[in-house]
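In: Quick one, what's the 3D model for this:
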Amino acid sequence: MEQTAAPRPRATPEDWLGAAYDLLTESGVDAVKIMPLAKVLGLTRPSFYWHFKDRDALLEAMVVDWEEKNTGNLVARCDAYADTICEAVYNLFDCWVDDTLFDSRLDLAIRNWARNDSALQTRLARADASRKAAIQAMFLRFGFDQQDAEVRTLTMIYTQIGYFSMQVTEPEAERFARMPHYVEVFTGQKPSADDHARFLSRHPLAPPPASQPRLRPI
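Out: Predicted coordinates:
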């Protein structure tokens, strides 16, 4: 008796978006096309249209995901409860070490894409303004004056964008060991051992502190 092959599961929108993400972050937006995506997924071109009207709809879904994830989570971490400015900055640092909160590869890809897309550049500028406002409000909440809060905010933003753009790689132990020093540079205040320990407790892959972080003078 002949056995009928089981029907192949249809790809989900998330499958298409995942494949598109890989092409965008590896090769840029021009590489995100329906046929290459279908080939990656082992599907036919018509199957794409079960989920997206056209390529533009797929690209729009990717941008919306970026806005909600990167900007949305960054703003939420800036608004999170903190007793001190050091703890607040550590809350923001969660974004820099947790890809589920902030995807640096996607952020860099969006910035590269926006160079040749004026509509996306407008949305990127709006996202950057929202991020700046959230970080600046965090400093203002802890008594920094307007100018000081703005300069510290811009220093943090430009430093992190540079870190992503240069695609810096470093051992995790070194990266986490530097965190208290970054906090001190950005805030002008030394974080406590408890501040640092709470941060590490949220990131189980981080090396445990052997003792209270030794803070170098700026």
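In: Now for R111, which secondary structure element holds it?
Out: R111 is part of helix 104-114 when elements are defined by DSSP states H and E.
In: same thing with D83?
Out: D83 belongs to no helix or strand, assigned by DSSP H and E.
In: could you pull out the helices for the chain?
Out: Using DSSP state H, the helices of the chain run over residues 13-27, 34-41, 45-48, 55-66, 72-79, 85-97, 104-114, 118-141, 146-165, 172-187, 193-201.
In: now those helices in a markdown table, with mean pLDDT and mean neighbour count?
Out: All C-beta spots, glycine's among them, are computed from the backbone N, C-alpha and C. Shown next, in a markdown table, are the helices of the chain (pLDDT from 0 to 100; neighbours: other Cβ atoms under 10 Å):
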| stretch | mean pLDDT | mean neighbour count |
| --- | --- | --- |
| helix 13-27 | 96 | 17 |
| helix 34-41 | 96 | 16 |
| helix 45-48 | 93 | 14 |
| helix 55-66 | 98 | 16 |
| helix 72-79 | 98 | 19 |
| helix 85-97 | 97 | 22 |
| helix 104-114 | 97 | 19 |
| helix 118-141 | 98 | 16 |
| helix 146-165 | 96 | 15 |
| helix 172-187 | 95 | 17 |
| helix 193-201 | 94 | 17 |
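In: show me what contacts the closest residue to H51 other than its chain neighbours?
Out: In space, and not counting its chain neighbours, H51 is closest to P13: 4.4 Å by Cβ to Cβ, 6 or more residues apart in numbering. Taking Cβ atoms under 8 Å, 6 or more residues apart in numbering, we find P13 in contact with H51, F52, A61.
In: what do you get for F93?
Out: Applying Cβ under 8 Å, 6+ apart, the residues contacting F93 are M179, Y182, V183, F199.
In: Hmm, E87 and the third one touching each other?
Out: No: proximity of V183 to E87 does not meet the contact threshold set by Cβ atoms under 8 Å, at 9.2 Å.
In: Between those two, which contacts overlap?
Out: By Cβ under 8 Å, 6+ apart, the residues touching both V183 and E87 are P191, D195.
In: Contact partners for D22?
Out: V40.
In: same deal with R202?
Out: So R202 contacts D94 (Cβ under 8 Å, 6+ apart).
In: domain parsing for this protein?
Out: If you go by automatic domain parsing, the domain ranges for the chain are 9-52, 63-201.
In: nearest spatial neighbour of the residue nearest the centre of the chain, skipping sequence neighbours?
Out: For the chain, the residue nearest the mean C-alpha position is F102 (2.1 Å; Cα atoms, centre = their mean). Once flanking residues are discounted, F102 sits nearest to C95: 3.7 Å by Cβ to Cβ, 6+ apart.
In: hmm, back to that, JSON lines please, covering the contacts of F93 and showing distance to G18.
Out: Formatted as JSON lines, the contacts of F93 follow (distance: Cβ to Cβ, whole Å):
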{"residue": "M179", "distance to G18": "31"}
{"residue": "Y182", "distance to G18": "32"}
{"residue": "V183", "distance to G18": "34"}
{"residue": "F199", "distance to G18": "30"}
